[in-house]
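just to be clear, the model below is a prediction. Sequence and coordinates:
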There are 2 protein chains.
Amino acid sequence: MEKKISILLIDDHAMVIEGMKAILQLIPSVQVKATANNAFEAMDTLKQLDIQLCFLDINLPDISGIDLCLKIKKEFPKVHIIGLSTFSQRSYIAQMMQNGASGYLLKSATKEEIEEAITTILAGKLFFNISSLDANHHDKNAPLLTRREKEILILIADGLTNNEIASRLFLSSHTVDSHRKNLFIKFDVNNVALLVKKASQADLL
Amino acid sequence: MEKKISILLIDDHAMVIEGMKAILQLIPSVQVKATANNAFEAMDTLKQLDIQLCFLDINLPDISGIDLCLKIKKEFPKVHIIGLSTFSQRSYIAQMMQNGASGYLLKSATKEEIEEAITTILAGKLFFNISSLDANHHDKNAPLLTRREKEILILIADGLTNNEIASRLFLSSHTVDSHRKNLFIKFDVNNVALLVKKASQADLL
DNA sequence: AAAAAAATCCCGTAAACACGGGAGTTTTAA
DNA sequence: TTAAAACTCCCGTGTTTACGGGATTTTTTT
């Protein structure tokens, strides 16, 4: 028997952590080496321990799992990442994969699916849990936003004016306005009200 | 020692079920008698077994946890129900409580919180996990709106201008503006962006 | 029937937005 | 290394909002 596959669980929901642990204990070839409730803890653990595989929640308290994914992959390219999402968050999976995740699982995944995902990914392949996705996919196609756009979107939704955003981000109000215009185009709207509504529905706020 | 408190876990996320189980095993006074992935299974189990306490997820595949809560309470009024939700779903908690739940827990709850919830509720009281809610809350205390205000709020969030709303509702734009002003006061905001954001978070759209 | 709440309508002004353009620089990806 | 993409900045114009005041008429509640 080779050494067990070392795993790090990253999720802020205690129950999900416990649940994953419980399921992973049933799989002899793996071992949960550590868990993390946020991005900071996660990065810290990766520096300390020799982790092969991360289970990474899409939503984290400090930075989004999607961004963390990118960060992990930059600093620790050899670490494999499996995204965790709920069914309603499935639209973000593509972004996670784009940021270097090797696969994803819904939180409703069974032991067998988890096992399959692990072996597939450790073999260097990508794991797509297609069945669970096609089921209901009338996407809420949230547009892909740039970092700046996300940043400004949130400030807009917080009710700041262009000028306020500009001075907070040390930008010209014209720049803010440009981003705002691009947000309008990407969301296909023509005013803040609809922008905020759609962004909120896409869980972007 | 009395008989253990019999518990039914209702959640479609395998990991949450496993996580709750793992945590509840650490509490000697309780016993997880069964688990259910959906409403149908849940009702079936309640008919078969003598369940004292349900942990019920807000989102279920067949009917919403909120509706199931009502259903359970109608058929089995003596069963206590603790709602389970993620932080982003906290706005639904009020509905769950209204449908007969005795309390709720966030899925990030600790063993101690879970334990406290159980003892509080079994003692016949309601359990409010105030700390986890206040933390970030601006208010999911959605203000009470009049019929007209709700109507206009939705149109505002759809991006209509005062004039457009006015002509759609056969009102003067001044009237619409008055309602808009009242909405601002009730939501304690000073612009549409925040209004829509808060309304969306309060699930009013 | 009286009081309270909701709904309707009016006005003026400064600030902010929506939208049409255009253009240079820096970063990322091919 | 080269082409996109992202980010930055600028302007002018008409529209709409935000917010300060009101007031009157329905409807609901007590």
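Perfect, thanks for sending it.

ok, which residues in chain A are in contact with DNA strand D?
Contact residues (CB under 7 Å from any atom of the strand) of chain A with DNA strand D: A:144, A:146-149, A:169, A:171-172, A:174-175, A:177-179. All C-beta atoms are positioned from the backbone trio N, CA, C, and that covers glycine.

buried stuff in stretch A:174-189?
If you call a residue buried by 16 or more other CB atoms under 10 Å in any protein chain shown, then stretch A:174-189 has these buried ones: A:175-177, A:179-180, A:182-183, A:186-187, A:189.

what residues does it touch?
With contacts defined as CB atoms under 8 Å, 6 or more residues apart in numbering or on different chains, stretch A:174-189 is touched by A:143-145, A:148-149, A:152-153, A:156, A:162, A:165-166, A:169, A:190-191, A:194-195, A:198-199, B:159.

let's see that with 7 Å instead.
For stretch A:174-189, contacts defined as CB atoms under 7 Å, 6 or more residues apart in numbering or on different chains pick out A:143, A:145, A:148-149, A:152-153, A:156, A:162, A:165-166, A:190, A:195, A:198, B:159.

show me where chain A has its strands.
For chain A, applying DSSP state E gives strands covering A:5-10, A:30-36, A:53-57, A:80-85, A:103-106.

is stretch A:196-204 up against DNA strand C anywhere?
No. Using CB under 7 Å from any atom of the strand, stretch A:196-204 stays clear of DNA strand C, with a minimum separation of 9.8 Å.

now do the buried residues in that stretch.
In stretch A:196-204, counting by 16+ other CB under 10 Å, buried: A:196-200, A:202, A:204.

phi, psi for whatever residue of chain A ends up closest to DNA strand D please.
Nearest residue of chain A to DNA strand D, counting by CB to the nearest atom of the strand: A:T146, 2.6 Å away. The phi/psi pair for A:T146 (degrees, to the nearest 10) reads phi -80, psi 170.

just to revisit the earlier point, the buried residues of stretch A:196-204 in helices, which ones?
A:196-200 (DSSP state H).

need these in TSV (columns: pLDDT and distance to chain B).
Converted to TSV, these look like this (pLDDT from 0 to 100; distance: CB to the nearest CB, whole Å):
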residue	pLDDT	distance to chain B
A:V196	95	4
A:K197	93	5
A:K198	91	10
A:A199	90	8
A:S200	88	4
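
which one among those residues gets closest to A:M20?
A:S200 (29.1 Å; CB to CB).

quick one: residues contacting the closest residue to A:A166 other than its chain neighbours.
Nearest-residue entry for A:A166: A:S173, 4.1 Å, with adjacent residues in sequence omitted and distances by CB to CB, 6 or more residues apart in numbering or on different chains. A:S173 makes contact with A:162-163, A:166, according to CB under 7 Å, 6+ apart.

per-domain residue ranges of chain A.
Domain assignment for chain A by automatic domain parsing gives A:5-134, A:147-201.

chain A against chain B: which residues are in contact?
Applying CB under 7 Å from any CB of the partner chain, we find that chain A lies next to chain B at A:12-20, A:22-23, A:107-110, A:156-159, A:189-194, A:196-197, A:200, A:205.

cutoff 6 Å now
Residues of chain A found near chain B (CB under 6 Å from any CB of the partner chain) are A:12-16, A:18-20, A:22-23, A:107-108, A:110, A:156-157, A:159, A:191-194, A:196-197, A:200.

run a quick neighbour tally on A:L105.
Residues within reach of A:L105, counting by other CB atoms under 10 Å in any protein chain shown, total 24.

could you measure the nearest residue to A:K73 once chain neighbours are set aside against A:C54, distance?
Counting by CB to CB, 6+ apart, A:G100 is the residue found nearest to A:K73 once chain neighbours are left out, at 3.4 Å. Between A:G100 and A:C54 the distance is 11 Å, computed by CB to CB, to the nearest Å.

more crowded one of the two?
More crowded of A:G100 and A:C54, by other CB under 10 Å: A:C54, with 28 against 16.

pretty sure the more buried one contacts A:L8?
Yes. When contacts are counted by CB atoms under 6 Å, A:C54 is listed as touching A:L8 (4.8 Å).

could you list the low-pLDDT ranges of chain A?
A:1-2, A:61-62, A:86-95, A:97-98, A:108, A:125-126, A:128-142 (pLDDT under 70).

quick one, helices of it?
Under DSSP H, chain A gives helices at A:14-24, A:39-48, A:65-75, A:93-98, A:111-122, A:130-134, A:147-157, A:162-169, A:173-187, A:192-201.

could the ones you listed go into a markdown table alongside distance to B:D67?
What follows is those, written out as a markdown table (distance: least, CB to CB, whole Å):
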| stretch | distance to B:D67 |
| --- | --- |
| helix A:14-24 | 22 |
| helix A:39-48 | 36 |
| helix A:65-75 | 30 |
| helix A:93-98 | 28 |
| helix A:111-122 | 28 |
| helix A:130-134 | 23 |
| helix A:147-157 | 30 |
| helix A:162-169 | 41 |
| helix A:173-187 | 32 |
| helix A:192-201 | 21 |
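
residue numbers of chain A in contact with DNA strand C?
A:161-163, A:177-178, A:180-181, A:184, A:190-193.

against A:F76, how distant is A:A157?
33 Å.

neighbour count: these two, which is higher?
Taking other CB under 10 Å, A:A157 and A:F76 do not tie; A:A157 has more neighbours (22 against 16).

does that one touch B:K198 like I think?
No. Applying CB under 6 Å, one finds A:A157 not in contact with B:K198, separated by 9.8 Å.

leaving out sequence neighbours, find the closest residue to A:V30.
Closest to A:V30 by CB to CB, 6+ apart is A:I5, at 4.5 Å.

how far away is the closest residue to A:S85 other than its chain neighbours from DNA strand C?
Leaving aside its sequence neighbours, A:S85 sits nearest to A:I58 (CB to CB, 6+ apart; 4.5 Å). Taking CB to the nearest atom of the strand, to the nearest Å as the measure, A:I58 falls 19 Å from DNA strand C.
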